[in-house]
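Q: With the input below, show me the fold.
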Amino acid sequence: MTAKGFIIGAPRSGSGKTTVTLGLIAAFRRRGMKVRTAKSGPDYIDPAFHAAASGEPGINLDSWAMPPSLVDALVAEQAGEADLLIVESSMGLFDGIPGEAGRHGAGADLAARLKLPVVLVMDVSGQSQSAGAVAHGFATLDPDVTVAAIIPNRVASERHLTQVVEAMDRIALPVAGSLMRDKTVALPERHLGLVQAGEHGDLETTLGRLADLAEDRLDLDMILRLAQPIMTSGGDTTPALRPPGQRIALASDAAFTFVYPHVTEGWRRAGAEIVAFSPLADEAPPADCDVCWLPGGYPELHAGALSAADTFQSGLKSFAETQPVHGECGGFMVLGAGLEDAEGTRHAMAGLLGHSTSFARRKMNLGYRQARLRADCPAGPAGSTLRGHEFHYASVTDPGNDEPLAELSDGQGRPLPASGARRGRVSGTFFHAIAESQ
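A: Numbering: from 1, shown residues only. Have a look, this model is predicted:
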């Protein structure tokens, strides 16, 4: 294995990590390098941007939800066909949850395990020399984590930059270029993060501008020199989740996009075939499939269209008469009786489960979750334990009368109310599964 890699981190969310990451990916790709990417933590949206910038599939790496052997296997696979592996951290570099060493869900866990240097993106607006104290803290907090350089972002002026650089010189931390304040390079956002890559009208132009910015303002040669060889030799290639069937009907369109690549790739490697269909195009799950999986996404933005999709609705009901159907988060909402959109208008959904949900009455649910399944379902057999997360703003306005699908706890093992619902061959939950617990 000849690939090298590094991690893009930051002191906190909103520092500009994704902007810098996309600029670097696109700029190194311009140089003819084969760049592969990964996102630390549970995130469906950023890996799609990484894939658009690199031209290669992106993956997630999660030190809490994934067993270490799976992390190693995914890294080895990504690096095996690459010149450069760029990993974007989530939130702040050390942000995670208390628990087992090396399994906090933090980007720092990956930096330590993979022995990859961190390039720290720092939003220095509102500070100058004090940025050196922040950088010093990050560079010295954990001896197993190497902060190799910083990139000051949102710099106000050349004088401001000089002050920041002088502060970094005091702690002998290299500055690998800088970015000035520029609102025109910001990517649009909505309630679950960035607007999805597939919804941008001219993403190629945006990525080109970010590549230009990286070439003009960042020290690409320094960053390449800092990159270190990928040392992992591989790990356990067992699928993170066992395939729910031989032929899997997978809802796939702008309303149903939240599927982790490592999950679907694991299903394929185990011999399963994935057959995509589009509810928004009023397509029903193919009748020759033996299971239907409705992933998360943005059904709350397309509730009217989904309610009016008669072929999808009737076909889903017919499918459920003989074959299992499972919904995650947005898919779970669509399996219910009704969905209230942001304006408070209620739209009839499939009615295969009894609950109703609302996006108008918002309540944020966010965090790692561990789920023990009470019954067999496409997510796994009864008694199995899955690790994953919740991230949604919908509230349950009517819980219905169905049996719960899973016993739920948070990332630290503290019990939460039972999750999801099951009725006959139909099951669903707000919980997104990442891997079987190990």
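Q: I'd assumed Ala421 was in contact with Leu405.
A: Yes. Using C-beta atoms under 8 Å, Leu405 makes contact with Ala421 at a distance of 6.0 Å. To be clear about C-beta, it is placed using only N, CA and C from the backbone, and glycine gets the same treatment.
Q: which residues do these two both contact?
A: Ser427, Gly428, Thr429 (C-beta atoms under 8 Å, 6 or more residues apart in numbering).
Q: Closest one of those to Phe256?
A: Gly428 (12.8 Å; C-beta to C-beta).
Q: do you know how far the closest one is from Phe332?
A: 4 Å (C-beta to C-beta, to the nearest Å).
Q: Likewise for Gly23?
A: On the measure of C-beta to C-beta, Gly23 and Phe332 end up 36 Å apart.
Q: Show the pLDDT at Leu194.
A: On pLDDT, Leu194 comes in at 52.
Q: Now the common contact residues for Gly428 and Phe332.
A: Contacts common to Gly428 and Phe332, judged by C-beta under 8 Å, 6+ apart, are Leu294, Leu353, Gly420, Ala421.
Q: which of those residues are buried?
A: Leu294, Leu353, Gly420, Ala421 (16 or more other C-beta atoms under 10 Å).
Q: This protein - how does it break down into domains?
A: 4-229, 247-436 (automatic domain parsing).
Q: any weak-confidence spans in the stretch 301-438 of the chain?
A: 362-364 (pLDDT under 70).
Q: show me where the stretch 201-350 of the chain has helices.
A: Applying DSSP state H, counting those that start in this stretch to the stretch 201-350 of the chain gives helices spanning 203-217, 220-226, 261-269, 303-308, 310-320, 330-335.
Q: nearest to Ser384, of these?
A: Closest approach to Ser384 among those (C-beta to C-beta): helix 261-269, 14.9 Å.
Q: Which strands or helices does the closest one pack on?
A: strand 58-61, strand 273-277 (3 or more C-beta pairs under 8 Å, 6 or more residues apart in numbering; DSSP states H and E).
Q: Could you tell me the angle between that helix and strand 273-277?
A: Helix 261-269 and strand 273-277 are oriented at 120 degrees to each other (axes from the mean of the first three to the mean of the last three C-alpha atoms, to 10 degrees).
Q: quick one: buried residues of helix 261-269?
A: Within helix 261-269, the residues scored as buried using 16+ other C-beta under 10 Å are Pro261, His262, Val263, Thr264, Glu265, Gly266, Trp267.
Q: List phi and psi for the residue in the chain sticking out farthest from the centre.
A: Within the chain, the residue lying farthest from the chain centre (C-alpha atoms, centre = their mean) is Arg159, at 37.4 Å. Dihedral pair for Arg159: phi -60, psi -40, per degrees, to the nearest 10.
Q: What pLDDT is listed against it?
A: 97.
Q: ok, now how distant is it from Gly245?
A: 63 Å.
Q: Same question for Leu116.
A: 37 Å.
Q: Would you mind measuring the gap between the ends of stretch 121-138?
A: End-to-end distance for stretch 121-138: 11 Å, by C-alpha to C-alpha, to the nearest Å.
Q: Assign a three-state SS to the spatially most central residue of the chain, would you?
A: Nearest to the mean C-alpha position of the chain, by C-alpha atoms, centre = their mean, lies Asp43 at 1.4 Å. Here Asp43 takes the coil state, with states given by DSSP: H, G, I helix; E, B strand; the rest coil.
Q: Could you find the closest non-adjacent residue to it?
A: Ser90 (6.0 Å; C-beta to C-beta, 6 or more residues apart in numbering).
Q: residue ranges with poor pLDDT in the stretch 51-200 of the chain?
A: Ranges of the stretch 51-200 of the chain meeting pLDDT under 70: 184-200.
Q: which stretches of it form helices?
A: Counting by DSSP H, counting those that start in this stretch, the helices of the stretch 51-200 of the chain are 68-80, 107-114, 130-140, 158-170.
Q: In terms of secondary structure, what does the third one contact?
A: When you say that, I think you mean helix 130-140. Looks like helix 130-140 contacts strand 118-123, strand 147-153, helix 158-170 (3+ C-beta pairs under 8 Å, 6+ apart).
Q: okay, the angle between the shortest one and helix 107-114?
A: What it means is strand 118-123. Using the same axes, to 10 degrees: strand 118-123 against helix 107-114 is 160 degrees.
Q: which residues sit against strand 118-123?
A: 6-12, 14-17, 20, 89, 93, 107-108, 111, 131, 134-135, 138, 145-154, 176, 223, 226.
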